[in-house]
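sequence unknown, structure follows:
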């Protein structure tokens, strides 16, 4: 694969009411994005990706806000990032976060 073609890309074309249609289908990266994280880390990362606050993540997970803060600090250290924005960039894009302005 060339790295630009989405994994599992399928294409179907058809004509309906004198209009040509092209339908594309491909796998999403959600599972790949969270690969390598523990279940707890993946759950916290999902919350960050959904723009949830630490309090919202804690309430959803049934933990304390302090636990979520500690988990985020551990994730930041593990990935070499220092903010939620850098965490999102690292998870979604991969590699080194965008340079700070």
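It's in. Keep in mind it's a predicted model, so treat the numbers as computed, not measured.

CA only for contacts and neighbour counts going forward, please
Will do.

So which elements touch the longest helix along the chain?
Longest helix in the chain by number of residues (criterion: DSSP state H): helix 65-79. Judged by 3 or more C-alpha pairs under 8 Å, 6 or more residues apart in numbering; DSSP states H and E, helix 65-79 is in contact with helix 39-49, helix 54-61, helix 84-92.

Turn these into JSON lines, including mean neighbour count.
Output for these, formatted as JSON lines (neighbours: other C-alpha atoms under 10 Å):
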{"stretch": "helix 39-49", "mean neighbour count": "17"}
{"stretch": "helix 54-61", "mean neighbour count": "16"}
{"stretch": "helix 84-92", "mean neighbour count": "18"}
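
can you give me phi and psi for the closest residue to residue 15 other than its chain neighbours?
In space, and not counting its chain neighbours, residue 15 is closest to residue 21: 5.9 Å by C-alpha to C-alpha, 6 or more residues apart in numbering. The phi and psi values for residue 21, taken as degrees, to the nearest 10, are phi -120, psi 140.

Offset the numbering so it begins at 21, please.
Taking 21 as the first residue, the last one we looked at is residue 41.

pLDDT score assigned to residue 41?
pLDDT for residue 41: 89.

The one 3 residues further on now?
Reading off the per-residue confidence, residue 44 sits at a pLDDT of 83.

if we can go back for a sec, with residue 53 as the reference, name the closest of the helices and strands packed on helix 85-99.
helix 104-112 (5.9 Å; C-alpha to C-alpha).

So what's the gap between that closest one and the chain middle?
On the basis of C-alpha atoms, centre = their mean, to the nearest Å, helix 104-112 sits 8 Å off its chain's mean C-alpha point.

Can you get me a residue count around residue 92?
21 (other C-alpha atoms under 10 Å).

Make TSV from the helices and strands packed on helix 85-99 and add distance to residue 53 and mean pLDDT to it.
Putting the helices and strands packed on helix 85-99 into TSV (distance: least, C-alpha to C-alpha, whole Å; pLDDT from 0 to 100) gives the following:
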stretch	distance to residue 53	mean pLDDT
helix 59-69	9	94
helix 74-81	18	97
helix 104-112	6	89
